[in-house]
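Chemist: model this:
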Amino acid sequence: MTVRAYAKINLGLRILRKRPDGYHDIETIFHQIDSYDTIELTRTAGDIALQSNSATLPTDSANLCVKAAQLLQDISHVKEGVRISLTKNIPVAAGLGGGSSDAAATLKGLVKLWGLALRNHELKKIALNLGSDVPFFLEGGTAFATGRGDNLEHFPFELPYWILVATPPVQVSTSWAYSQVHSFGTGGLRPVLGDPKLPLELLTNDLEAVVLKAYPEVSNLKKVMYDLGAEFTLMSGSGSSVFGLFQEEDLANIAALK
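Modeler: Numbers count the residues shown, from 1 in each chain. This is a model prediction of the structure:
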């Protein structure tokens, strides 16, 4: 069985407060994009193994795909195993949710492969044990997210721009980025919901200033996108990826070649 794990961008990211559990309450809009990893799942006698085209990825339980398979196997008392072949296309540690999406795709694929009867809320609970944004990738699309990013309000949305995503050759630690934020906002992304015009002035990423200061490569990438005709640019998640919104497909295609 072959499944796709799609990336996302954050259409804004507001950090509201630090929680007692060490996480942060946030407000963001997750938006699925076309870039994806490919995961091939093959039944085995009982072991769980992973191979990947990326030599830098762990292949043990430190990998979210393996962890997802182990957790689902334990909870569902499955005796079968799986061989996971992961083809990475989404950059790692880039703010595009690649690892979380891989975990969600593995969960959904294994539910079918192992013939499990799990309700949506049961699968979401398993997904949340793997990461705050993993539940989003179970459904994808576009969702307004609050809490740790796990309280999801999916809504129909057609982005009125061509999206170009680029990733500079740096990796940003999510935990480091959040640790650098010492003042918190009050939200403000909800008015975007259902607005086909997408009010760009509301799209702010509270982690962007921190990352731009430490990683000039990200700042330079934003400047290049504006120079190439982007109407708007923003860092996705904790970075380092930047997306640009272009009104014309030709401009986006030309920028992609630069």
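
Chemist: my guess is Ser101 contacts Tyr6. True?
Modeler: Yes - between Ser101 and Tyr6 there is a contact at 5.9 Å, judged by CB atoms under 8 Å. For every residue, glycine as well, the C-beta is placed using N, CA and C.

Chemist: the two: which is more packed in?
Modeler: Ser101 (28 against 20; other CB atoms under 10 Å).

Chemist: so what sits against both of Ser101 and Tyr6?
Modeler: Shared contacts of Ser101 and Tyr6, defined by CB atoms under 8 Å, 6 or more residues apart in numbering, comprise 36, 137.

Chemist: which stretches in this structure count as helices?
Modeler: Ranges of helices in the chain, per DSSP state H, are 64-76, 98-113, 120-128, 134-139, 174-179, 208-214, 216-227, 249-257.

Chemist: pull the contacting residues for Ile163.
Modeler: Counting by CB under 8 Å, 6+ apart, Ile163 makes contact with 9, 33, 243-246, 252.

Chemist: is it bridged to anything, and to what?
Modeler: Here Ile163 sits in beta bridges with Leu245, as judged by DSSP bridges.

Chemist: tell me the pLDDT at it?
Modeler: For Ile163, the model assigns a pLDDT of 97.

Chemist: now do His182
Modeler: 88.

Chemist: equivalent analysis for Arg148, please.
Modeler: pLDDT for Arg148: 94.

Chemist: burial measure for it, as a count.
Modeler: So Arg148, with other CB under 10 Å, has 17 neighbours.
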